[in-house]
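Asker: Sharing a sequence plus its predicted fold:
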Amino acid sequence: MTERKYNIAILGATGAVGTRLIEQLEASTIPVNQLKLLASAKSAGKKLTFKDQEIIVEEATPESFDGIDLVLASGGGSVSHKFAPEAVKRGAVVVDNSSYWRMNDNVPLVVPEVNEADLQTHNGIIANPNCSTTQMVVALEPIRRAYGLSRVIVSTYQAASGAGQSAWEELVAQTTAHNAGEEMVANILPVKGAEKHYPLAYNLLPQIDVFEDDGYTHEEWKMIHETKKIMFGNKNSKSVKVTGTAVRVPVPVGHGETVYFETDPNTGATVKGIQKALSQAEGVILEDDPKTQLYPQPINAEGKRETFVGRVRPDLENDDSFHMWVVSDNLLKGAAWNTVQIAERLVALDLVRVPEGAANKFIAG
């Protein structure tokens, strides 16, 4: 039997995640017949390389998806809103990095290590979670399976690149200016469209995304509801209580998170048991030896697909409760690799097909 090869399009190919999508696809198990690179008119004409082949970036149009089997999208919410239904209408399956489709009831929100089974019911669009959510659920899932999970409180330490290539470049420019005794210019963070902007270099910003009416930022809202949807199948699930605070830190790449979690009292969770569950989990590397100062660090996680976990310890005030430190490359497991990993599983499970009538579910956007 001849192996099927796939025509693939990368939407948003020239961005920080898009370029990594190309790299991850090149290193993946997916048999590629043809690769099409799509971006805005501004980026059209640029040349990028895939498997030693030079490919010219094209401007994305609805017709760009004719004959395409798989779309790996990282062009932002408005771009995915516009083009994902067009791709599905033309028979392509879309794995989308933006936040636009994540809470749509017709769209599975998938981290393969946690809820791969949800791919079986896709309608042509699969959503990739927020980067901070992804690494947290990868670390929490083996614990949930072994010891249950009733409450999660997370504080994040998120890298500049989580806000895009321009935010990363602005951090570098601000650092250079500060070291030269010059004024730091801020035009992007904490939110590009906000009234005020603050420098990230030598600073911490307790705001990621816009503020909601309840005082939480939208990033914090996403972590709460995405975690519930991925792990418990319902964005408003009452099976687990989740809350958190998201902070932008002056690190180029790699998100860190302190995670407090409560287990089922009847399971007898221990630090050693949790460490064992983590050490045996897919996609997790346990780095946890305080005696030798071994713990995860963003600088060591950069460029790696895995999620790193350390500093597992009991909460001294609450029974059956624990803390851990979680680090991952936000541009890889938090974005590009999780997207390609989903695509790999779609190929392996023979799910690269759009169910009949599925496109109608997204016509209204």
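Answerer: Good, I have the coordinates. Residues are numbered from 1 along each chain as shown.

Asker: what's the pLDDT at E63?
Answerer: Listed pLDDT for E63 reads 98.

Asker: Could you check how far it is from N360?
Answerer: Noted for E63: a distance of 20 Å to N360, by Cβ to Cβ, to the nearest Å. (C-beta placed from N, C-alpha, C; glycine too.)

Asker: Between these two, which has more neighbouring residues?
Answerer: N360 (12 against 9; other Cβ atoms under 10 Å).

Asker: Could you look up the SS state of that one?
Answerer: Three-state assignment for N360 (DSSP: H, G, I helix; E, B strand; the rest coil): helix.

Asker: In a strand, G45, correct?
Answerer: No - judged by three-state DSSP, G45 forms no part of a strand; its state is coil.

Asker: What is the neighbour count of it?
Answerer: Every residue meeting other Cβ under 10 Å relative to G45 is counted, giving 11.

Asker: For the stretch 1-150 of the chain, just list every one of the strands.
Answerer: Under the criterion DSSP state E, counting those that start in this stretch, the stretch 1-150 of the chain contains strands at 6-11, 32-39, 47-50, 53-56, 58-59, 70-73, 93-96, 125-127.

Asker: Name all residues that make contact with E3.
Answerer: For E3, the contact set (Cβ atoms under 8 Å, 6 or more residues apart in numbering) comprises P31.

Asker: shouldn't V327 be in contact with A301?
Answerer: Yes - shown here, V327 and A301 form a contact pair, counting by Cβ atoms under 8 Å, at 4.9 Å.

Asker: any shared contact partners between the two?
Answerer: By Cβ under 8 Å, 6+ apart, V327 and A301 have these common neighbours: 254, 308.

Asker: The strands of the stretch 1-150 of the chain: which one's closest to Q341?
Answerer: Q341 lies closest to strand 93-96 among the strands of the stretch 1-150 of the chain, at 9.4 Å (Cβ to Cβ).

Asker: export the strands of the stretch 1-150 of the chain to JSON lines and tack on mean neighbour count?
Answerer: Formatted as JSON lines, these follow (neighbours: other Cβ atoms under 10 Å):
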{"stretch": "strand 6-11", "mean neighbour count": "24"}
{"stretch": "strand 32-39", "mean neighbour count": "20"}
{"stretch": "strand 47-50", "mean neighbour count": "14"}
{"stretch": "strand 53-56", "mean neighbour count": "11"}
{"stretch": "strand 58-59", "mean neighbour count": "16"}
{"stretch": "strand 70-73", "mean neighbour count": "28"}
{"stretch": "strand 93-96", "mean neighbour count": "27"}
{"stretch": "strand 125-127", "mean neighbour count": "27"}
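
Asker: Redo these as JSON lines? Include mean pLDDT.
Answerer: Output for these, formatted as JSON lines (pLDDT from 0 to 100):
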{"stretch": "strand 6-11", "mean pLDDT": "98"}
{"stretch": "strand 32-39", "mean pLDDT": "98"}
{"stretch": "strand 47-50", "mean pLDDT": "97"}
{"stretch": "strand 53-56", "mean pLDDT": "97"}
{"stretch": "strand 58-59", "mean pLDDT": "98"}
{"stretch": "strand 70-73", "mean pLDDT": "98"}
{"stretch": "strand 93-96", "mean pLDDT": "98"}
{"stretch": "strand 125-127", "mean pLDDT": "98"}
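
Asker: Throw those into a markdown table and include distance to D289, thanks.
Answerer: Formatted as a markdown table, these follow (distance: least, Cβ to Cβ, whole Å):
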| stretch | distance to D289 |
| --- | --- |
| strand 6-11 | 40 |
| strand 32-39 | 41 |
| strand 47-50 | 40 |
| strand 53-56 | 44 |
| strand 58-59 | 50 |
| strand 70-73 | 37 |
| strand 93-96 | 37 |
| strand 125-127 | 36 |
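
Asker: Quick check: the residue nearest to L25 when sequence neighbours are not counted vs K82, distance?
Answerer: Leaving out its chain neighbours, the residue that sits closest to L25 by Cβ to Cβ, 6 or more residues apart in numbering is V340, at 5.5 Å. Distance of V340 to K82, given as Cβ to Cβ: 23 Å.

Asker: and the two? which has more neighbours close in?
Answerer: Using other Cβ under 10 Å as the criterion, V340 and K82 rank with V340 on top: 29 against 15.

Asker: ok, the more buried one - contacts?
Answerer: Applying Cβ under 8 Å, 6+ apart to V340 gives the contacts 21, 24-25, 28, 30, 72.
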